[in-house]
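Peer 1: Using only what follows, build the 3D model:
(4 chains)
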Number of protein chains: 2
Amino acid sequence: MPTTGQSGEVPARGKRADALRNQQALLAAAAEVFVTSGVDAPIRQIAARAGVGTGTIYRHFPTRADLVVGVYRHQVEACAEAGPELLTAADSPFAALRRWADLFVDFLVTKHGLAGALQSDSSGFEALHAYFLDRLVPVCGRLLDAAAEAGEIDRGIEPYELMRGIGNLCIGRDDDPRYDPRRLVELLLRGLQRPPSP
Amino acid sequence: MPTTGQSGEVPARGKRADALRNQQALLAAAAEVFVTSGVDAPIRQIAARAGVGTGTIYRHFPTRADLVVGVYRHQVEACAEAGPELLTAADSPFAALRRWADLFVDFLVTKHGLAGALQSDSSGFEALHAYFLDRLVPVCGRLLDAAAEAGEIDRGIEPYELMRGIGNLCIGRDDDPRYDPRRLVELLLRGLQRPPSP
DNA sequence: TTACGATACGGAACATCGTTCCGCTTAGTC
DNA sequence: GACTAAGCGGAACGATGTTCCGTATCGTAA
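Peer 2: Next comes the predicted model:
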């Protein structure tokens, strides 16, 4: 149930065979290019790698966000589904929240520029922001609720704010040993914890 | 003692009068344009507002960072100097750290796109990153040291990492009531606190 | 005051990138 | 095999960063 109803990777009955082929080729090409050049890679570069013209890329993915969502949808879904699973598997709701945050951070830091694009106000990226939040905020909310009910945290933050905070902490070059988003997210979550014995 | 020796706003003996006039005009124009269009504003727009050609802006400020540093140097200096002052004025080192972080956040959130530019890896912004960190990391380090010595925090983070974390949390449109960087920075710092009675 | 050399200026020109548009190609069908 | 509409490619346009050089201006010395 993406915000933008179009494109994605659903076969979409009624399309021509070459159209489907190109759509898949574009997703594959984009995935490859994103690894080396980041999600801001020039449109032409992706089109060239897929062996199509620039017009074709716009027909299948009208905005950059559509393409990025198409490439990472599986992983976002997996992350969303991991929330409830962790809640039952982990030692405590708060432990589940921490492990879920780790999962999300691991996802973001391995995608050059994705975290930055999520907050970017440049044209074409708002839908990306929206998709990630629509999908993940409810999951985060359930984890927070559970941890609050268990008395592990104070309910001093909304899921939306926490998600954006975690996302923001993941921005930046990922090869700087002096900056590890994981440590900061851990700190953020620790700040959420209720002091054990008031 | 700027990282880049050139430009800035030091009179720079030996320059021609019109050169100095243009340099000041550019700083003033940039300050105005940054308010409305952010630090990513088109070069031409700044040049036009200053009444100069595009070549002139590059002569005085070879990179975007030089211009941004020139515009905000006063405020960065003020922030850096506020660190030691707060340390003597506040109730405790940790309280000083919190107030100092507030100061820094207030500075960042009122400058459209500045926080984002600080982490950007686009060409021309690395020097900006460097200037802010060179100037503020030592100040932050002294505050952290004092708080650690007073037993208020665990020394689980390096000043560099904390500065970048705070900066990152300030990224994003500043008119979204659902996202307040101050709340998240507060959380981050709380996560640093040593549990009062071990 | 004027003439001269160095300094600085302006904006045209080039490259890159996002985006649109339209003539041509091709898949699917009868 | 021919027809139609869906789809394709890439030229073309506008915005932007950046460079370059002919020209204007400043400071100075006669």
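Peer 1: Which stretches in chain A count as helices?
Peer 2: For chain A, applying DSSP state H gives helices covering A:17-37, A:43-50, A:54-60, A:64-89, A:93-109, A:114-119, A:126-149, A:159-169, A:181-192.
Peer 1: Among these, which comes closest to B:Gly165?
Peer 2: When those are compared by C-beta to C-beta, helix A:181-192 sits nearest B:Gly165, at 4.3 Å. No exception for glycine: its C-beta is placed from N, CA and C like everyone else's.
Peer 1: re the thing from before, can you redo the helices of chain A as a markdown table with mean pLDDT and distance to DNA strand C?
Peer 2: Shown next, in a markdown table, are the helices of chain A (pLDDT from 0 to 100; distance: least, C-beta to the nearest atom of the strand, whole Å):
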| stretch | mean pLDDT | distance to DNA strand C |
| --- | --- | --- |
| helix A:17-37 | 97 | 3 |
| helix A:43-50 | 98 | 4 |
| helix A:54-60 | 98 | 3 |
| helix A:64-89 | 97 | 6 |
| helix A:93-109 | 97 | 21 |
| helix A:114-119 | 94 | 12 |
| helix A:126-149 | 97 | 11 |
| helix A:159-169 | 98 | 22 |
| helix A:181-192 | 97 | 26 |
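Peer 1: any chance of these in a markdown table, plus distance to B:Ala29?
Peer 2: Formatted as a markdown table, these follow (distance: least, C-beta to C-beta, whole Å):
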| stretch | distance to B:Ala29 |
| --- | --- |
| helix A:17-37 | 34 |
| helix A:43-50 | 33 |
| helix A:54-60 | 36 |
| helix A:64-89 | 31 |
| helix A:93-109 | 37 |
| helix A:114-119 | 28 |
| helix A:126-149 | 30 |
| helix A:159-169 | 30 |
| helix A:181-192 | 37 |
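Peer 1: Would you check that A:Arg190 makes contact with B:Leu188?
Peer 2: No - when contacts are counted by C-beta atoms under 8 Å, A:Arg190 is not listed as touching B:Leu188 (9.1 Å).
Peer 1: Residues of chain A that sit close to DNA strand D?
Peer 2: A:15-16, A:18-19, A:21-22, A:51-56, A:58-60 (C-beta under 7 Å from any atom of the strand).
Peer 1: ranking the residues you listed by neighbours, who comes first?
Peer 2: When neighbours are taken as other C-beta atoms under 10 Å in any protein chain shown, the top entry among the residues of chain A next to DNA strand D is A:His60 (23 neighbours).
Peer 1: gap between it and B:Leu162?
Peer 2: For A:His60, the distance to B:Leu162 equals 43 Å [C-beta to C-beta, to the nearest Å].
Peer 1: Same check on A:Gly70?
Peer 2: 37 Å.
Peer 1: ok, the two, which is more surrounded?
Peer 2: A side-by-side neighbour count of A:Gly70 and B:Leu162, using other C-beta under 10 Å, places B:Leu162 first with 25 against 22.
Peer 1: Excluding covalently adjacent residues, which one is nearest to that one?
Peer 2: Of all residues not flanking B:Leu162 in the chain, B:Cys140 sits nearest, at 6.0 Å (C-beta to C-beta, 6 or more residues apart in numbering or on different chains).
Peer 1: what about that neighbour, distance to B:Leu133?
Peer 2: B:Cys140 sits 9 Å away from B:Leu133, going by C-beta to C-beta.
Peer 1: Spell out which residues are contacts of both of those two.
Peer 2: Counting by C-beta atoms under 8 Å, 6 or more residues apart in numbering or on different chains, the contacts common to B:Cys140 and B:Leu133 are B:Met163.
Peer 1: quick one: which of those two has more around it?
Peer 2: Counted by other C-beta under 10 Å, B:Cys140 and B:Leu133 do not tie: B:Cys140 has more neighbours, with 24 against 19.
Peer 1: For that one, give me its contacts.
Peer 2: Contacts of B:Cys140 (C-beta under 8 Å, 6+ apart): B:Gly83, B:Trp100, B:Pro159, B:Leu162, B:Met163.
Peer 1: For stretch A:32-40, buried residues please.
Peer 2: Within stretch A:32-40, the residues scored as buried using 16 or more other C-beta atoms under 10 Å in any protein chain shown are A:Val33, A:Phe34, A:Val39, A:Asp40.
Peer 1: Let me see the confidence value for A:Ser122.
Peer 2: For A:Ser122, the pLDDT comes out at 81.
Peer 1: OK, contacts around A:Ala30?
Peer 2: Contacts of A:Ala30 (C-beta under 8 Å, 6+ apart): A:Ala41, A:Ile46, A:Ala50, A:Leu67, A:Val68, A:Gly70, A:Val71.
Peer 1: How many residues are close by the fifth one?
Peer 2: Which is A:Val68. 25.
Peer 1: Am I right that it is in contact with A:Ala117?
Peer 2: Yes - using C-beta under 8 Å, A:Val68 is in contact with A:Ala117, at 7.0 Å.
Peer 1: what residues do these two have in common as contacts?
Peer 2: Residues within reach of A:Val68 and of A:Ala117 at once, by C-beta under 8 Å, 6+ apart, are A:Val39, A:Leu128.
Peer 1: confidence score at A:Gln6?
Peer 2: Per-residue confidence (pLDDT) for A:Gln6: 41.
Peer 1: Look up how far B:Leu133 lies from the nearest residue to A:Gly172 once chain neighbours are set aside.
Peer 2: Counting by C-beta to C-beta, 6+ apart, B:Gln119 is the residue found nearest to A:Gly172 once chain neighbours are left out, at 4.7 Å. According to C-beta to C-beta, B:Gln119 stands 11 Å off from B:Leu133.
Peer 1: same deal with A:Ile153?
Peer 2: Using C-beta to C-beta, one gets 32 Å for the distance from A:Ile153 to B:Leu133.
Peer 1: likewise A:Thr110?
Peer 2: Plainly put, A:Thr110 is 24 Å away from B:Leu133 if you go by C-beta to C-beta.
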